[in-house]
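Participant: Need a 3D model of the following:
(one chain, ligands or ions: 1)
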Amino acid sequence: MTDLALAIAHHIAVFGLVMMLAMEAGALRADRPDASLLARLDAGYGGASLAVLAIGAARLAWGAKGWDGYAENPYFWLKMGAFLLVGIASIPPTLIFQRWRKAARASGAGGEVPASDVARMRLWVWTELALVFLVVTAAAAMARWPF
Ligand code: HEM
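Facilitator: Next up is the predicted model:
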């Protein structure tokens, strides 16, 4: 029962994380992206990411299979590496969304951001999404290894 509850929570947290990133990508397509919305979505992404990590770690500790098998599972390590890369790729958007929000507040411009850098941030967010797809692929392989 614990294993089932953790698996459900893990999937919900993962969908939450993907939803936040997809909404960030959408918000970055607007003519004048809303800095405040982007900063809030990014905070949501951060929360979802922490939840995925905490629940994932709980699955390792208390899941049906136990930690032992995973240490020798190459797809587990591929998954951890890809998850780490998602975190690294999320640093530039987080920093720039904060900067945009601060600038928008200082100018009283109501959350508008300069057009420069928007395309670059969109690329970072899509990079994060592509890496999450790699994590999902590794997750499926990890759950079934050895084939
Ligand atoms: C964006 C990050 C993540 C995504 C998208 C993700 C996705 C998934 C998916 C889809 C499964 C189900 C695999 C299947 O049964 O076919 C799964 C299982 C699992 N995940 Fe994650 N996960 C992520 C992060 C993590 C992290 C950070 C950990 C550990 C700290 C973790 C630990 C686990 C464990 C232990 C399982 C059970 C695998 C098994 O049944 O042997 N996950 N994950």
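Participant: Tell me which helix or strand whichever residue of the chain sits closest to the ligand sits in.
Facilitator: Here the chain gets closest to the ligand at one residue, Gly56, 2.2 Å apart by CB to the nearest ligand atom. In short, each C-beta sits where N, CA and C put it, glycine included. Secondary-structure assignment from DSSP states H and E places Gly56 in helix 35-62.
Participant: going on from that helix, what's the next piece of helix or strand?
Facilitator: Counting by DSSP H and E, the element after helix 35-62 in chain order, helix or strand, is helix 68-71.
Participant: And for that following helix, what's in contact with it?
Facilitator: 60, 76, 142 (CB atoms under 8 Å, 6 or more residues apart in numbering).
Participant: Report the contact partners of the residue nearest to the residue of the chain closest to the ligand when sequence neighbours are not counted.
Facilitator: Nearest residue to Gly56, sequence neighbours excluded (CB to CB, 6 or more residues apart in numbering): His10, at 6.2 Å. By CB under 8 Å, 6+ apart, the contact list for His10 reads 52, 55-56, 59.
Participant: Met121 is in contact with Thr94, isn't it?
Facilitator: No. In this structure, Met121 is not within contact of Thr94 by CB atoms under 8 Å, at 10.1 Å.
Participant: how about Arg32, phi and psi?
Facilitator: Arg32 has phi and psi values of phi -130, psi 90 when expressed as degrees, to the nearest 10.
Participant: scratch that, Leu28
Facilitator: Leu28 adopts backbone torsions of phi -80, psi -10, taken as degrees, to the nearest 10.
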